[in-house]
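> This is the structure alone, sequence omitted:
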């Protein structure tokens with residue numbers, strides 16, 4: 001487990017945006033989502049699978065292309 005400089009242990013919690021937000025949104029009343037810094041599209045794809053229309057933006061053209069390719073493979 002990582003340690004802080006004071007010697008105390010740090011607990012790292014990794015949660016994705018869609019894991020935090022989708023349960024709070026419920027039914028797709030909110031039908032549009034903007035994923036800024038979408039990277040490979042992990043959160044964008046999750047929102048799309050749950051009925052949202054998603055626009056993903058990222059400064060990496062390679063990342064956006066990977067997200068598009070993956071979305072096409074997933075039929076999103």
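Right, received. Where do you want to start? Here the structure is a predicted model, which is why all the values come from computation and not from measurement.
> remind me, longest helix of this protein?
Criterion DSSP state H: the longest helix present in the chain is helix 61-73.
> May I see the buried residues of that helix?
Neighbour counts using 16 or more other CB atoms under 10 Å place 63-64, 66-67, 71 of helix 61-73 among the buried residues. For the C-beta atoms, the positions are set from N, CA and C on the backbone; glycine is no exception.
> neighbouring contacts of it?
The contact list for helix 61-73, computed with CB atoms under 8 Å, 6 or more residues apart in numbering, reads 38-41, 44-45, 48, 56-58.
> from these, which is closest to residue 32?
For those, the minimum distance to residue 32 (CB to CB) is 11.0 Å, reached by residue 48.
> Could you check how far that closest one is from residue 69?
Per CB to CB, to the nearest Å, residue 48 is found 14 Å from residue 69.
> Please apply the same query to residue 35.
16 Å.
> Just the buried residues from the contacts of helix 61-73, in PyMOL please.
One line in PyMOL is enough to select the buried members of these, burial here meaning 16+ other CB under 10 Å:
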select buried, resi 38+40+41+44+45+48+56+58
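> The contacts of helix 61-73: which two are farthest apart?
For those, the farthest-apart pair by CB to CB is 48 and 58; their separation is 15.7 Å.
> who touches residue 57 in this structure?
34-38, 64.
> now the strands: where do they sit in the protein?
Remark: strands assigned in the chain by DSSP state E are 32-36, 53-57.
> Neighbours of the closest residue to residue 52 other than its chain neighbours, how many?
The shortest distance from residue 52 to any non-neighbouring residue, by CB to CB, 6 or more residues apart in numbering, is to residue 33 (4.7 Å). If you count neighbours by other CB atoms under 10 Å, residue 33 ends up with 21.
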